[in-house]
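Participant: Structural data only, the sequence is not supplied:
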Ligand SMILES: NC(=O)C1=CN([C@@H]2O[C@H](COP(=O)(O)OP(=O)(O)OC[C@H]3O[C@@H](n4cnc5c(N)ncnc54)[C@H](OP(=O)(O)O)[C@@H]3O)[C@@H](O)[C@H]2O)C=CC1
Ligand SMILES: CC(C)(CO)C(=O)C(=O)O
């Protein structure tokens, strides 16, 4: 691969499945990212990534703070983002890129008074750990990047676009985020509660619930100024269930691994918006409260 012209220092907080996958893509493009982890002393993180049938070794420097970093990819679970970023000393010039499922962290960070530029993404590049240091890419997806207030891509975007497969700037990130949020609000709680793969949601028994839930979510999105037709959403949910038929959703994985889920930032986000607009959404509420009740054990 040709060396890209690079003057940024890339940091990644969250050396989990997504953070390590994106780190490997940056290394492949010779961008030399560093992991940030204030919980541990400085070290090198060594791992193997299996991508497109090839295994490659990576060794990434891990530092305890964001010193020297100019672009920070935040690959944490949604519920970790505000607490962890608030605990770090972040320079004003830092660009923050949020890479997680769900919505609500942007407002939380702005509410905390963060003055840095915060970019949002909708990411479908997927990976899972086969063992502690061996990662497998499980989905060649897409990463949409945008900013809620500006349609101009930052100067470092060309490097990210060069490094990350199917990385595209959008001047309407809100539309992409709401569609992904709605898809997750259908697939994630239903697969977690029913303990099934994504593809099983295509069976007849789930269609009435899925269709009615899509109508509710569409009403909330439209009430929030986002054009999200219920039929288009239903089709998108079906398409994702087909494409990811054998996948176990991230919420189902959280259930099986006794971890807190991201429900507050998915169905909870819809529930809050529905309540503010006095839109009755009983199916979304039931799913939200059911997973929330389970999550109390893992707060
Ligand atoms: N996995 C996937 O394929 C996909 C995931 N997503 C979304 O991307 C986001 C990240 O997911 P994923 O990578 O799977 O999640 P992981 O739980 O694998 O990654 C989160 C990482 O953050 C680390 N972390 C926790 N606290 C800190 C801290 N204080 N400082 C530094 N690092 C910390 C964790 O380390 P430790 O475990 O040591 O605590 C963990 O490695 C989620 O929102 C998920 O829904 C979206 C698309 C696909
Ligand atoms: C699209 C989907 C449902 C794929 O599994 C996902 O994003 C998740 O599991 O969180």
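Facilitator: Noted; the coordinates are in hand. Treat the numbers as computed from the prediction; the structure is a model and nothing was measured. Ligands and ions are numbered 1, 2, ... in the order given.
Participant: Tally up the residues packed near residue 174, please.
Facilitator: Summarising burial for residue 174: neighbours were counted as other CB atoms under 10 Å, giving 18. For glycine as for every other residue, the C-beta is placed from the backbone atoms N, C-alpha and C.
Participant: Show the end-to-end separation of stretch 9-19, please.
Facilitator: Length of stretch 9-19, first residue to last, CA to CA, to the nearest Å: 16 Å.
Participant: In space, what's closest to the closest residue to ligand 1 within the chain - neighbours in sequence excluded?
Facilitator: Closest to ligand 1 within the chain is residue 16: 1.9 Å, counting by CB to the nearest ligand atom. Residue nearest to residue 16 in three dimensions, not counting chain neighbours: residue 75, with 6.3 Å by CB to CB, 6 or more residues apart in numbering.
Participant: Quick check: the one you found touching residue 11?
Facilitator: No. Residue 75 lies out of contact with residue 11 (CB atoms under 8 Å); the separation is 10.6 Å.
Participant: where does the chain dip in pLDDT?
Facilitator: By pLDDT under 70, the weakly predicted segments of the chain are 1-7.
Participant: Can you tell me which residues in it are near ligand 2?
Facilitator: Contacts of the chain with ligand 2, taken as CB under 6 Å from any ligand atom, map to 101, 183-184, 187-188, 198, 240, 244, 247, 249-250.
Participant: residue boundaries of the helices in the stretch 101-250 of the chain?
Facilitator: For the stretch 101-250 of the chain, the helices defined by DSSP state H, counting those that start in this stretch occupy 105-111, 157-163, 173-194, 207-223, 230-243, 250-256.
Participant: related to what we said a few turns ago, ok, the residue nearest to residue 16 to ligand 2 distance?
Facilitator: Here the criterion is CB to the nearest ligand atom, to the nearest Å. By it, residue 75 lies 14 Å from ligand 2.
Participant: do the same with residue 219
Facilitator: Relative to ligand 2, residue 219 is positioned 21 Å away (CB to the nearest ligand atom).
Participant: Equivalent analysis for residue 103, please.
Facilitator: Distance from residue 103 to ligand 2, by CB to the nearest ligand atom: 13 Å.
Participant: these two touch, right, that residue and residue 269?
Facilitator: Yes. Shown here, residue 103 and residue 269 form a contact pair, counting by CB under 8 Å, at 4.9 Å.
Participant: the strands in the stretch 51-200 of the chain, which residues?
Facilitator: 54-63, 71-74, 95-98, 117-123, 126-131, 134-139, 143-146, 167-169 (DSSP state E, counting those that start in this stretch).
Participant: So which residues make contact with the third one?
Facilitator: Counting contacts by CB atoms under 8 Å, 6 or more residues apart in numbering, the residues outside strand 95-98 that touch it are 70-74, 81, 85, 90, 105-106, 109, 114, 116-121, 145, 154, 156.
Participant: Endpoint to endpoint, stretch 90-109 covers what distance?
Facilitator: OK, stretch 90-109 end separation, CA to CA: 12 Å.
Participant: So what are the structural domains in this structure, by residue number?
Facilitator: The chain breaks down by automatic domain parsing into domains covering 10-170, 175-298.
Participant: Include mean neighbour count when you put those domains into TSV, please.
Facilitator: Shown next, in TSV, are these (neighbours: other CB atoms under 10 Å):
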stretch	mean neighbour count
domain 10-170	17
domain 175-298	18
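Participant: need the residues of the stretch 1-150 of the chain near ligand 1, please.
Facilitator: Residues of the stretch 1-150 of the chain lying near ligand 1 by CB under 6 Å from any ligand atom: 13-19, 37-39, 75-78, 80, 84, 100-101, 123, 126-127.
Participant: Helices - which of the residues you listed land there?
Facilitator: Using DSSP state H, the members of those that fall within helices are 17-19, 78, 80, 84.
Participant: Dump those residues to TSV, plus distance to residue 48.
Facilitator: Shown next, in TSV, are these (distance: CB to CB, whole Å):
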residue	distance to residue 48
17	13
18	16
19	15
78	28
80	25
84	26
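Participant: between these, which is closest to residue 58?
Facilitator: residue 19 (11.8 Å; CB to CB).
Participant: how about residue 112, what does it touch?
Facilitator: Contacts of residue 112 (CB under 8 Å, 6+ apart): 82, 85-86.
Participant: Apologies, that question was intended for residue 245.
Facilitator: 197-199, 202.
Participant: Now it, what are its backbone angles?
Facilitator: When read as degrees, to the nearest 10, the backbone of residue 245 gives phi -50, psi -40.
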